[in-house]
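Novice: what follows is a predicted structure for the sequence shown.
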Protein chains: 2
Amino acid sequence: MTTAELLERRFRVLGRGSPLFYDQPLHIVRGAGVWLYDADGRRYLDAYNNVPHVGHCHPHVVEAIARQASVLNTHTRYLHEGIVLYAERLTSWFDRELSMAFLACTGSEANEIALRMATVCSGHRGILCTKFAYHGNTTAVAQISTVLPPPEGLGPHIRAITAPDSYRGARAANGVLSPAAWLAEIEAACASLKESGQGVAAILIDTILSSEGLPAIPAEFVARAVAIVRAAGGVYIADEVQPGFGRTGTHKWGYQRHGVVPDIVTLGKPMANGHPVSGVIARAELATEFAAKVMYFNTFGGNPVSCAAANAVLDVLERERLQENARVVGEHALAGLERLMQKHELIGDVRGHGLFFGAELVTDRRSKTPATAETRRVVNAMRERGVLISRIGVHDNILKIRPPMPFSNENADLLLATLDDVLQAL
Amino acid sequence: MTTAELLERRFRVLGRGSPLFYDQPLHIVRGAGVWLYDADGRRYLDAYNNVPHVGHCHPHVVEAIARQASVLNTHTRYLHEGIVLYAERLTSWFDRELSMAFLACTGSEANEIALRMATVCSGHRGILCTKFAYHGNTTAVAQISTVLPPPEGLGPHIRAITAPDSYRGARAANGVLSPAAWLAEIEAACASLKESGQGVAAILIDTILSSEGLPAIPAEFVARAVAIVRAAGGVYIADEVQPGFGRTGTHKWGYQRHGVVPDIVTLGKPMANGHPVSGVIARAELATEFAAKVMYFNTFGGNPVSCAAANAVLDVLERERLQENARVVGEHALAGLERLMQKHELIGDVRGHGLFFGAELVTDRRSKTPATAETRRVVNAMRERGVLISRIGVHDNILKIRPPMPFSNENADLLLATLDDVLQAL
């Protein structure tokens, strides 16, 4: 089937709304490690996908899936060692107080559990999230995914707060977002939720603020916001779908950079290298109270094959020391991006943690005017030259670079050289 | 690890709220076809699980998963033949007007998409569901899962209508649930939603009314209810998670027994034999309008491995003629249950479609007093004798028998003989 025919048939049965990457969509047929191959046999360096966390089609994960699928795949209404051993191992990766686990299938489902847990346990309704956040696609979670405002409208229980912007300085209602202005905004949101009679159930934050543009988050921003929310009777939900499982290099979890342990943590994408697995880790008292009030059961959640896949991912992360790799290669790549910034006026800022970077493109460094059109051209030109990245941010002008964890210094050098060429030729 | 130790460790990390079957939980380690094996090597006839639709660990499905997992597992932002070919094949199993597909991971996610589609396209909020229904575990879907009333409370946009009860005759607010009383209740619900300013977005029904106790649904009940809802500007969502993929024997889909084609169909559990796959099939105009208003993307939904698994299930259903098997073995088993009813006073009613039966237990046939305690004893005694079933219904007094589709006459005979023994010994 030609790519044109495939595209036409896809439009007919899936519609034109189902999003596709790049001006010329890619028809990918094979993956291995950090490489993807298209239908013509052309190879692409994958500097975008975090779902194949330990590398595309890692043989250890594939083998675990194939072996368990041939032996048993049922649900958690029967006892099985797989889920118990995996949940014990997974919780051991967290701070001690985060000791209980729920397994589900998608990040949306994990955030659904977290929101229901916060609401049911606090008896409150109000949720604080950040402006321009993404947390998933179900009705309740779409409400806090302010990057794609739901046509159903935002519920009266949502308060979207200004996210930090370490490059341009976010403009909050009360001036440039200083620590004082940020805290004042959190205070005001909590006060407004209390006044409305809904109360404060939770603050939910992607601890690396991915959709928001990957800003450097000032020290104590999160800890102080959480203190305000807790004082109002709410809990802190850390969405670790993006930064979790060692991606930041320095820490296993994004929340650990902010100096405060969450009450609930949600996990998704990278958890089982693409097998549909997600999870919620919570303080025992919250998990116990929630489970006593809601008979939560997820048909596919925590099945033996899902647990085998997720457990194999932890094996590979440990054996191949991939968090350390993310730290080392991340530093190397960031230094390279900084060198490119010296050379190319278009790059206004570079920032990142481990193997997750943003490079913000501007038409003018003084005015910081977003180079949105150029960013799109750069992303497409990179794809034409065989390197896959994407873009994020309020102005869609930030290169999003977030490769599988086995990304090497050599891979980073190819990425940097290609970006150098593309910027030169722009 | 002993079963007692496994149970204790499970409680510690997953909590005591995570539901387990049977007074003595089963520690299952292996499955094949219609058989499950526990840690002591004991064999159980599986007459309960519909998720392993074509049989536990069917080699054709296992091979499809293993093969595709080793080649590529990405997402739908790249073109891939797997999802297009599968979606074309799947929609060809439906009435012609149901021509477009969305793929997700769980039945809850499928019902979330359907509810959002109905709400966004109609511009209305109100949802009609049945009393004692189960449709999933997310916030919005828990609202219509009236079998487990959510502690958050039912939203003002929900109207739960009385479900038919072909054995005792359901008591609606307006008398015994006759066709006229049923339609009057639907009319009243629609009128109340309009009056409240919310309007009617949809009626959502499990087309076999599984949690409600598997009643025979009088002819034209559904068609006439749907006509009222459509006249009020709402759509008809058929939840096919239970009856779909040929389980009823006579039809591929449960809705086909009711003489009206839905606007939206939701699919789940049996779709990929346990691999986390779900889907929504919709009329093209609804799917197109929804996709234009909501940028729906599901990270794991429709990935190449999920599509390979789901496609392999359709292969097996066709090659092994499993719908026809469900019809033939279903008739055989139902006749056997009717003979048991002649013999055992405890059985007040038997009913079913294809390979999904209910046998309602009562302490007295005249008063139809639910034999709830006895039903629990029967289910546990069956497990002790190596046959797995469960129970459903408003009074938890209906034996729920819903085996994998390759269930044979010989398997049915073993189920019937065991049930005969258990009832004899009660």
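Specialist: Cool, got the structure.

Novice: mind naming the longest helix for chain A?
Specialist: As assigned by DSSP state H, the longest helix anywhere in chain A is helix A:322-343.

Novice: for that helix, enumerate the helices and strands it packs against.
Specialist: The contact analysis (3 or more C-beta pairs under 8 Å, 6 or more residues apart in numbering or on different chains; DSSP states H and E) places helix A:322-343 against strand A:347-353, strand A:356-364, helix A:409-425. For the C-beta atoms, the positions are set from N, CA and C on the backbone; glycine is no exception.

Novice: 10 Å - rerun?
Specialist: Judged by 3 or more C-beta pairs under 10 Å, 6 or more residues apart in numbering or on different chains; DSSP states H and E, the packing partners of helix A:322-343 are helix A:304-319, strand A:347-353, strand A:356-364, strand A:398-401, helix A:409-425.

Novice: how far away from the center of its chain is that helix?
Specialist: On the basis of C-alpha atoms, centre = their mean, to the nearest Å, helix A:322-343 sits 20 Å off its chain's mean C-alpha point.

Novice: what residues of it count as buried?
Specialist: Buried residues in helix A:322-343, counted by 16 or more other C-beta atoms under 10 Å in any protein chain shown: A:322-323, A:325-327, A:329-330, A:332-334, A:336-337, A:340-341.

Novice: which one among those gets closest to chain B?
Specialist: Chain B lies nearest to A:Leu322 out of the buried residues of helix A:322-343, by C-beta to the nearest C-beta, at 18.2 Å.

Novice: pretty sure the closest one is touching A:Pro403, no?
Specialist: No. With contact defined as C-beta atoms under 10 Å, A:Leu322 does not count as touching A:Pro403 (11.4 Å).

Novice: ok, which stretches of chain A are helices?
Specialist: A:3-14, A:59-71, A:81-91, A:107-122, A:139-142, A:179-195, A:221-231, A:284-293, A:304-319, A:322-343, A:372-384, A:409-425.

Novice: packing partners for the fifth one?
Specialist: Applying 3+ C-beta pairs under 10 Å, 6+ apart, we find helix A:139-142 packed against helix A:107-122, helix B:107-122, helix B:139-142.

Novice: and those helices: which comes nearest A:Arg10?
Specialist: Proximity to A:Arg10 (C-beta to C-beta) singles out helix B:107-122 among these, at 18.0 Å.

Novice: for the record, mean pLDDT for that closest one?
Specialist: Mean pLDDT, computed over helix B:107-122, is 98.

Novice: ok, it near chain A or not?
Specialist: Yes. Counting by C-beta under 10 Å from any C-beta of the partner chain, chain A has neighbours in helix B:107-122: B:107-109, B:111-113, B:115-116, B:119-121.

Novice: flag every residue of the stretch 151-300 of chain A that's near chain B.
Specialist: Proximity of the stretch 151-300 of chain A to chain B, by C-beta under 10 Å from any C-beta, involves residues A:151-152, A:241, A:268-269, A:272-278, A:282, A:284, A:287-300.

Novice: how about a cut-off of 7 Å?
Specialist: Counting by C-beta under 7 Å from any C-beta of the partner chain, the residues of the stretch 151-300 of chain A close to chain B are A:151-152, A:269, A:274, A:276, A:287-288, A:291-300.

Novice: circling back to that earlier point, mind checking the helices of chain A for the one nearest to B:Val229?
Specialist: Nearest to B:Val229, of these and by C-beta to C-beta, is helix A:139-142 at 19.9 Å.

Novice: so how far is B:Asn174 from the nearest residue to A:Ala333 once chain neighbours are set aside?
Specialist: Using C-beta to C-beta, 6 or more residues apart in numbering or on different chains and skipping residues adjacent in sequence, the residue nearest A:Ala333 is A:Ala412, 4.0 Å away. As judged by C-beta to C-beta, to the nearest Å, A:Ala412 and B:Asn174 stand 71 Å apart.

Novice: again, but for A:Pro403
Specialist: According to C-beta to C-beta, A:Pro403 and B:Asn174 sit 63 Å apart.

Novice: give me the pLDDT for the residue most central in space within chain A.
Specialist: With distances taken as C-alpha atoms, centre = their mean, the residue of chain A nearest its centroid is A:Gln242 (2.1 Å). Per-residue confidence (pLDDT) for A:Gln242: 97.

Novice: how is chain A carved up into domains?
Specialist: A:59-319, A:321-404+A:412-425 (automatic domain parsing).

Novice: now those domains in CSV, with distance to B:Gly126?
Specialist: CSV is the format used below for those (distance: least, C-beta to C-beta, whole Å):
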stretch, distance to B:Gly126
domain A:59-319, 13
domain A:321-404+A:412-425, 35
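
Novice: between those domains, which one is nearest to B:Leu20?
Specialist: Closest approach to B:Leu20 among the domains of chain A (C-beta to C-beta): domain A:59-319, 5.7 Å.

Novice: span of the closest one from start to end?
Specialist: End-to-end distance for domain A:59-319: 13 Å, by C-alpha to C-alpha, to the nearest Å.

Novice: over to stretch A:191-200?
Specialist: Start and end residues of stretch A:191-200 are separated by 9 Å (C-alpha to C-alpha).

Novice: go through that stretch and flag the buried ones.
Specialist: For stretch A:191-200, the neighbour count (16+ other C-beta under 10 Å) marks A:193, A:198-200 as buried.

Novice: looking at those, which one is closest to chain B?
Specialist: Nearest to chain B among the buried residues of stretch A:191-200, with distances taken as C-beta to the nearest C-beta, is A:Gln198, at 12.1 Å.

Novice: surely that closest one is in contact with A:Gly126?
Specialist: Yes. Shown here, A:Gln198 and A:Gly126 form a contact pair, counting by C-beta atoms under 7 Å, at 4.5 Å.

Novice: so what sits against both of those two?
Specialist: A:His157 (C-beta atoms under 7 Å, 6 or more residues apart in numbering or on different chains).

Novice: what about the residue nearest to A:Ile401 when sequence neighbours are not counted, how many residues nearby?
Specialist: Excluding the flanking residues, the one nearest A:Ile401 by C-beta to C-beta, 6+ apart is A:Phe357, at 4.3 Å. For A:Phe357, the count of nearby residues is 25 (other C-beta atoms under 10 Å in any protein chain shown).

Novice: same thing with A:Gly123?
Specialist: Close neighbours of A:Gly123, defined as other C-beta under 10 Å, add up to 11.

Novice: same deal with the one 5 residues further on?
Specialist: Each residue near A:Leu128 was counted by other C-beta under 10 Å, and the total is 27.

Novice: what does the model give it for pLDDT?
Specialist: In this model, A:Leu128 is scored at 98, pLDDT.

Novice: what of A:Arg171?
Specialist: Taking A:Arg171 on its own, its pLDDT is 78.

Novice: how deep is the closest residue to it other than its chain neighbours tucked in, by neighbour count?
Specialist: Closest residue in space to A:Arg171, ignoring its immediate chain neighbours: A:Leu177 at 7.1 Å, by C-beta to C-beta, 6+ apart. Using other C-beta under 10 Å, A:Leu177 has 24 other residues around it.
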